[in-house]
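[1] after the sequence you'll find the predicted model.
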Amino acid sequence: MQNQVKKEEIVEKKTQIVEAKKQPERKCPFYKRIEGTRIAVDAFSYGDIENCDAYFLSHYHYDHFIGLNKHFKNRLFCSKITANLVLKQIKVDKKFIVALELDKFVNVYDFDDSIQVTCIDANHCPGSVMFLFRFKKTGKYVLHTGDFRASDELVQSFAQRNITIDTIHLDTT
């Protein structure tokens, strides 16, 4: 049994080395970052991003979580459904996952309420969400859509919020 475990660990390490050699380091594009913050959304394929310590995953589709693996060691914000999938399928350590509730603002950083976020149902697949960031000092709102399906209900939910969205990061995949 121990030999089997060691063989699996060796194969995994060799695979990681080969993958690292195949992929040149890519710089995270501006539209994956929330300007003026240390936040990135759906940007796992860019490795450990400089000056980023809060990562957000809009939903559990490969083109959004590619690069995320069990060795991930930063805070990962996502919906509860996506969190369960990440825990069970990718096996990211539970202590790094922050499962967010729909329509409830929470602080991105503990003991600092200057940046808050809430999830809005994206109507794309189970667990898919849009992230609405609120900057308390400036009163600005930034929406990162991820993949979403527009509907009358979605438009009405934004109208009922009675807010002005200052910046929209529109996912066009």
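    In hand now; what should we look at? On a predicted model such as this, the values are computed, not experimentally measured, just so you know.
[2] any chance you could map the helices in the protein?
    For the chain, the helices defined by DSSP state H occupy 2-22, 62-65, 80-85, 152-161.
[3] please state the offset of the last one from the chain centre?
    Centroid separation for helix 152-161 versus its chain: 23 Å, with CA atoms, centre = their mean, to the nearest Å.
[4] just the mean pLDDT for that helix, thanks.
    In this model, helix 152-161 has a mean pLDDT of 87.
[5] name the nearest residue to L100, sequence neighbours excluded.
    Leaving aside its chain neighbours, L100 sits nearest to C119 (4.7 Å; criterion: CB to CB, 6 or more residues apart in numbering). All C-beta spots, glycine's among them, are computed from the backbone N, C-alpha and C.
[6] thought that neighbour was touching M130?
    Yes: judged on CB atoms under 8 Å, C119 makes contact with M130 at a distance of 7.2 Å.
[7] where are the low-confidence patches of this protein?
    1-25, 173 (pLDDT under 70).
[8] the same query, at a cut-off of 80, please.
    The chain contains residues with pLDDT under 80 at 1-25, 172-173.
[9] buried set for the longest strand belonging to it?
    What stands out as the longest strand in the chain, according to DSSP state E, is strand 112-121. Within strand 112-121, the residues that qualify as buried by neighbour count (16 or more other CB atoms under 10 Å) are I115, Q116, V117, T118, C119, I120, D121.
[10] ditto for stretch 31-44
    Buried residues in stretch 31-44, defined by neighbour count with 16+ other CB under 10 Å: K32, R33, I34, T37, R38, I39, A40, V41, D42, A43, F44.
[11] give the contact list for the third one.
    This points to I34. Residues in contact with I34 (CB atoms under 8 Å, 6 or more residues apart in numbering) are A40, V41, F133, V142, H144, H169.
[12] right, I'll leave it there.
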